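1. sequence and predicted model, in that order:
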Amino acid sequence: MAMYIVKDECTSCGDCEPICPTQSIVKKKGLYAINADTCTECEGDFDDPQCVDVCPISNCILPLEA
């Protein structure tokens with residue numbers, strides 16, 4: 001599974017990028033995006049996705065549904 005960033009909610013604060021243990025968050029066209037191929041939802045590293053924990057906007061970063 002992977003996380004994704006809701007573009008309409010993202011303020012481009014950048015808090016999520018440095019906290020990602022798999023370096024799956026990148027800035028694209030002024031907004032941040034999560035690479036679903038490398039995102040692990042922090043499984044094996046943390047109990048919860050770190051990007052969600054640091055994001056100041058509720059429901060900005062959500063699980064990607066298959």
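-> Nice, I can see it.
2. what helices or strands is the helix or strand containing residue 53 leaning on?
-> Assessed by DSSP states H and E, residue 53 sits inside helix 50-54. Judged by 3 or more C-beta pairs under 8 Å, 6 or more residues apart in numbering; DSSP states H and E, the packing partners of helix 50-54 are helix 16-19. In this view, the C-beta of every residue, glycine as well, is placed from N, C-alpha and C.
3. so what strands line up beside the helix or strand following the helix holding residue 53?
-> Next helix or strand after helix 50-54 toward the C-terminus (DSSP H and E): strand 61-63. Using DSSP bridges, strand 61-63 pairs in its sheet with strand 3-5 (antiparallel).
4. which positions in the helix holding residue 53 come out as buried?
-> 50-52 (16 or more other C-beta atoms under 10 Å).
5. and that helix, average pLDDT?
-> Summarised as a single mean, pLDDT over helix 50-54 is 98.
6. and that helix, C-alpha only, in PDB?
-> What follows is helix 50-54, C-alpha atoms only, in PDB (Å, rounded to 0.1, in the frame of the first residue of the first chain):
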ATOM      1  CA  GLN A  50       5.400   9.900   9.200                       C
ATOM      2  CA  CYS A  51       4.100  12.300   6.500                       C
ATOM      3  CA  VAL A  52       0.600  12.100   8.000                       C
ATOM      4  CA  ASP A  53       2.000  12.800  11.500                       C
ATOM      5  CA  VAL A  54       3.800  16.000  10.400                       C
END
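7. what's the closest non-adjacent residue to residue 53?
-> Sequence neighbours aside, residue 19 is the residue nearest to residue 53 in space, at 7.8 Å (criterion: C-beta to C-beta, 6 or more residues apart in numbering).
8. what residues are up against the one you found?
-> Contacts for residue 19 (C-beta atoms under 8 Å, 6 or more residues apart in numbering) come out as 50-51, 53-54.
9. from residue 46, how far out is it?
-> Separation of residue 19 from residue 46 (C-beta to C-beta, to the nearest Å) stands at 10 Å.
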